[in-house]
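Sequence and predicted model, in that order:
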Amino acid sequence: MKYLPVIKLEVKWYPILGYLVFWALFTISCKSKQFSEADKVQVQQEDMLKEGAAKENLRNLELEKEQAIESYRPSAKKDFDILHTDLDLSFDYQNQVVIGTAELTIKPFFYPSKELVLDAQDFELEEIFYQHRGNLVSVPYDYEVEKLHIHLPTELSRSDTFQISLQYKAFPERNTGGGSEAITDTKGLYFIDPLDTVPDKPTMIWTQGETAHNSKWFPTIDSPNEKFTQLIKLTVADTLVTIGNGELIKQEDLGGGLRKDYWEMKLPHSAYLAAFAIGDFGKVEAAWKEIPLGYYVEKGYEKGAAKVFQHTPEMIGFFSELIGVRYPWPKYDQIVVRDFVSGAMENTTASIFMEELRMTEREAIDSEMDYIIAHELFHQWFGDYVTTESWSNLTLNEGFANYSEFLWNEYKYGKDEAKLKLIAETESYFLEAKTTQVDLIRFEYDNAEDMFDSHSYSKGGAIMHMLREYLGAEAFYEGLKYYLTRHAFENVEVHDLRMAFEEISGQDLNWFFNQWFLAKGHPELKFEVNYSDPSAIVISVEQLQDLTKAPLYQLPLEVSWYEDNERKSKEFIVNKASQQFELKNELPISLVLLDEEKNLLAESTLARSPEQMREQFRVSQFGIARYEALDSLASWEAVTELESIIDEALEDEFWSIRESALSILQGYPEWLSDTPELAQKVAQMAESDERNSVRAGALDVLSSFSPDSYYTTFLTLAEDSSYLVASSALMGLVSMESGKVGLAEIERFASERNFRMVIPVADYYITQTILGKGDWFIEQATRMSGEGLYYFLGYFSEYFIRYPEEGESRAVDLLLDKMENDTRSYIRLGAFQGLLGFGTNGEILTRINDVAVKEKDSELIMYYKYFLESSDEEN
Ligand SMILES: [Zn+2]
């Protein structure tokens, strides 16, 4: 699964300080001196206090350990094994009900057993039949909301295979059960606009099983360590398209406008990976070798889908070759749906994606969706073919999927782009690590959903990379091949991965796995470099992480330097709390670079002067090191050094450095007025840089520098085929001095539907006080969705707050509706933020409160509370 980018809430939590104060009180040391009587009494009292503290401390430790046992989450115990699942499903759109018949082929796993327990959430059941050796009998059962206990007529052994068949109705909308009660992303099956009442919104059904939500629509053993083959029959209107796992083996005309589609999975996979989608989809067909590929999207977006997913065949080939295991399934479909609850989900052979991947052909010019396409595709091996045995080992799915984004970037776009990805991931982990540091593989958690964090994804991915660098690429990929082949169609835990690498490389890796996978924290390295003898430089390193919580790490440290543009390097092993390395060299060295390629997952500090950073920028052959240098100089506001390299930075071969240089330039417009050649260069970049995001950045510089001088550039580029470019050019026009651009010139773009174009128009209407646009704002907000809507809602509110006569009450109604009903939590948040602008009116505030109390998302509840309480205080 790929989570949506999280819009971070600004409410902070502080650790409870009481415990620390307690310790401070009892650790005041006693000075050595002659004892008086009063001193003796004091010492006795201190001893008693110390004893009390020790007891208290012991009790806390006991509680902590008891808690650990209580919240231990084992892999699901296997009492029975489902061999095959056969489902026949139809749908009541009116009541949002799944009407099903299920026949499960089952055997006891090891021990003889008489009671079968299945997961079946929010079902209504009738008679249940048991079939064994040809006899079909009705069997008694107990059912309560989530668990179905079936009492078998006789005790069965593991050599017995039997069938259970039942008819049922499933009510995913009831969505009860478990720790994640009523969270909207646990319904398992979603009816989207079921009665086609929402304009512009297609009717669809799609499913989302991870973690244990597929038992909301079929009876099963809903644990990742349960695998079975399946046949899913879907009865639908014959105008609709269905997509399921495996192969479409039959389509049966039922008459009366109905059709039954048979989707068969001949290879076993886990319950959470079963899936289907139903809708009026358009399909783009492609292929990798003889494997058929389908890109499904709402009709009218097929050309966009062909572009968005265009690298899929190349990716399948690349991954198959890289890991030495051919794509293991008979087909691969990718389906773009509405209102998806996460970024995307790797259902076997049928990945489902959020609507951000639904693009027009023009929008797809700037598509940057390779990352998520690679992520779900790599899961087809790591996750679907070989599956974590429990959520505790989730990084065996997600760490690999995350690392695939790096691997694809490295292959397709080069090392620098791959490293940029890795740095973004490690930053996301470090951000999370500020408040949460837990073992990567962990058996204690409240809710399985908690495992889907930056530890499992980003830290996991960064560790896979360090392992590749440590073992060497060849051993690493051979190890992966061994691991996948050895455990094909099975479940794994982290030791299986370690043993695969040990088997191939012939070396012990316990130490590596212990410090990275089975412990918490990360290295915090403090470096110092002593250049006083340039032929024998001394590098000191200290590990500063809290050793009571985190390991003392063993790490390879690559030290590099340049002699006449030729790169030299030497590797040292960091394995002490504090140590020094001497770097001897025949020629004097003026600058050493530590981990120049940024391979380590470590927070490092090293004092460097702006001159040294500029030197790093100038000499390093690695884009990521030049990027780091430029970024540091910018954050230090090292004006002299920045100005001296800005020209080179604008011409850097790595687009990300050109982009950074442009954003630095926005802060120093005087450089452009001082140096006309620089302004010319930026204008040239706006016209013809090979990357559209750089062109857009160049236009942003021109808009903030002197928009009126670039009127023609903006006017021309506002028509560019790339929305990134056109949007920045349009923003340039909007930024021109008041009155220079006429309403008609902007109005030409008012019918554009892409949010990048809508926002500059909205900005113009707001800042130029263009009245009579209430309907336009309402129409946009009604039509838009996803990320674009989130950004637009700020402009939307602003317009009606400034010009309430344009329809304030309509605007408030719309925002309240979004806040109450949108399936995306960040849209509900955006609507709430917009509403706060209207909040001085007591009646509106009451209505906001009324909607806020219905919110089920814990982060949003916290956020609402924080702002509503502070606005109460203000009033
Ligand atoms: Zn994933």
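That came in fine, so what should we check first? The structure displayed is predicted, hence computed values, not measured ones.

Give me the distance from stretch 661-679 to the chain's centre.
Relative to the centre of its chain, stretch 661-679 is centred 36 Å away, using Cα atoms, centre = their mean, to the nearest Å.

What are the contacting residues of it?
Residues outside stretch 661-679 that contact it (Cβ atoms under 8 Å, 6 or more residues apart in numbering) are 630, 634, 639, 642-643, 646-647, 649-650, 652, 682, 685, 694, 697-698, 700-702, 704-706. Yep, even glycine has a C-beta here, placed from its N, CA and C like the rest.

among those, which ones are buried?
630, 634, 642-643, 646, 649-650, 652, 682, 685, 694, 697-698, 700-702, 704-705 (16 or more other Cβ atoms under 10 Å).

Please flag which of the residues you listed sit within helices.
Members of the buried ones among the contacts of stretch 661-679 lying in helices (criterion: DSSP state H): 630, 634, 642-643, 646, 649-650, 682, 685, 694, 697-698, 700-702, 704-705.

OK, contacts around Thr548?
Applying Cβ under 8 Å, 6+ apart, no residues qualify as near Thr548.

Give me every residue in the stretch 351-500 of the chain lying close to the ion.
Glu398, Ala401 (Cβ under 5 Å from the ion).

quick one: the helices in the stretch 351-500 of the chain?
Using DSSP state H, counting those that start in this stretch, the helices of the stretch 351-500 of the chain run over 370-379, 395-413, 415-433, 460-471, 473-486, 494-505.

Spell out which residues of the stretch 1-150 of the chain are next to the ion.
Checking the stretch 1-150 of the chain against the ion by Cβ under 5 Å from the ion, the hits are Met1, Lys2.

Okay, now the unreliable bits of the chain?
Along the chain, the parts satisfying pLDDT under 70 run over 3-41, 177-184, 840, 872-875.

By residue count, what's the longest helix in it?
Assignment by DSSP H gives helix 37-70 as the longest helix of the chain.

How far off centre is that helix?
From the chain centre to the centre of helix 37-70 is a distance of 44 Å (Cα atoms, centre = their mean).

so what does it touch, helix or strand wise?
In terms of contacts (3 or more Cβ pairs under 8 Å, 6 or more residues apart in numbering; DSSP states H and E), helix 37-70 is packed against helix 18-26.

need the contact list for Glu747.
Contacts for Glu747 (Cβ under 8 Å, 6+ apart) come out as Val761.

try 10 Å this time
By Cβ atoms under 10 Å, 6 or more residues apart in numbering, the residues touching Glu747 are Val761, Tyr764, Tyr765, Ile770.

Distance check, it against Asp720.
Applying Cβ to Cβ, to the nearest Å, the value for Glu747 to Asp720 is 19 Å.

got it, and Val694?
For Val694, the distance to Asp720 (Cβ to Cβ) stands at 13 Å.

Now list whatever residues contact both of those two.
What both Val694 and Asp720 touch, as defined by Cβ under 10 Å, 6+ apart, is the set Ala686.

Is Ala550 in contact with Asn514, as I believe?
No - using Cβ atoms under 10 Å, Ala550 is not in contact with Asn514; the gap is 11.9 Å.

more neighbours, those two?
Ala550 (17 against 12; other Cβ atoms under 10 Å).

How about that one: what's its closest non-neighbour residue?
Closest residue in space to Ala550, ignoring its immediate chain neighbours: Gly521 at 2.7 Å, by Cβ to Cβ, 6 or more residues apart in numbering.

Tell me if I am right that the one you found is in a helix.
No - counting by DSSP: H, G, I helix; E, B strand; the rest coil, Gly521 falls outside a helix, being coil.

Tell me how many other residues surround the residue of the chain found nearest the ion.
The minimum distance from the chain to the ion, using Cβ to the ion, falls at Ala401 (4.1 Å). Residues lying near Ala401 (other Cβ under 10 Å) number 27.

again with Lys856
So Lys856, with other Cβ under 10 Å, has 13 neighbours.

thought it was touching Tyr864?
No - using Cβ under 10 Å as the test, Lys856 is too far from Tyr864 to be in contact (11.6 Å).

Mind giving me the packing neighbours of the host helix or strand of Leu116?
Under the criterion of DSSP states H and E, Leu116 resides in strand 113-119. Contact here means 3 or more Cβ pairs under 10 Å, 6 or more residues apart in numbering; DSSP states H and E; on that basis strand 113-119 packs against strand 80-92, strand 97-108, strand 123-132, strand 141-144, strand 147-156, strand 162-170.

The ones you listed: which one's closest to Val559?
Closest approach to Val559 among these is made by strand 80-92 (53.8 Å; Cβ to Cβ).

Can you check what angle separates that closest one from strand 162-170?
Relative orientation of strand 80-92 versus strand 162-170 (axes from the mean of the first three to the mean of the last three Cα atoms, to 10 degrees): 30 degrees.

buried ones in strand 80-92?
Using 16+ other Cβ under 10 Å as the test for burial, strand 80-92 gives Phe80, Asp81, Ile82, His84, Thr85, Asp86, Leu87, Asp88, Leu89, Ser90, Phe91.

again with stretch 231-250
By neighbour count on 16+ other Cβ under 10 Å, the buried set for stretch 231-250 is 231-236, 240-247.

Dump that stretch to CSV, keeping only the CA atoms.
Extracted in CSV, the C-alpha atoms of stretch 231-250 (Å, rounded to 0.1, in the frame of the first residue of the first chain):
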residue,chain,number,x,y,z
LEU,A,231,-12.5,-17.9,-8.3
ILE,A,232,-14.6,-14.7,-8.0
LYS,A,233,-17.7,-14.4,-10.1
LEU,A,234,-19.2,-11.0,-10.4
THR,A,235,-22.7,-10.3,-11.6
VAL,A,236,-23.0,-6.8,-13.1
ALA,A,237,-24.9,-4.8,-15.6
ASP,A,238,-23.6,-5.8,-19.0
THR,A,239,-22.6,-2.2,-19.7
LEU,A,240,-19.9,-2.3,-17.0
VAL,A,241,-16.4,-3.5,-16.8
THR,A,242,-15.0,-5.7,-14.0
ILE,A,243,-11.4,-6.2,-13.1
GLY,A,244,-10.2,-8.9,-10.6
ASN,A,245,-7.2,-10.9,-9.6
GLY,A,246,-5.8,-13.4,-12.1
GLU,A,247,-7.5,-14.1,-15.4
LEU,A,248,-10.9,-13.4,-16.8
ILE,A,249,-11.7,-17.0,-17.8
LYS,A,250,-15.4,-16.6,-18.8
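
Return the distance of that stretch from the chain's centre.
30 Å.

I'd like the numbering to begin with 348 instead of 1 from here.
Done: numbering now begins at 348, and the last item shifts to stretch 578-597.

Thought Gln862 was touching the residue nearest to Ala897, still the case?
Yes - the pair Gly868 and Gln862 qualifies as a contact (Cβ under 10 Å) at a distance of 9.2 Å.
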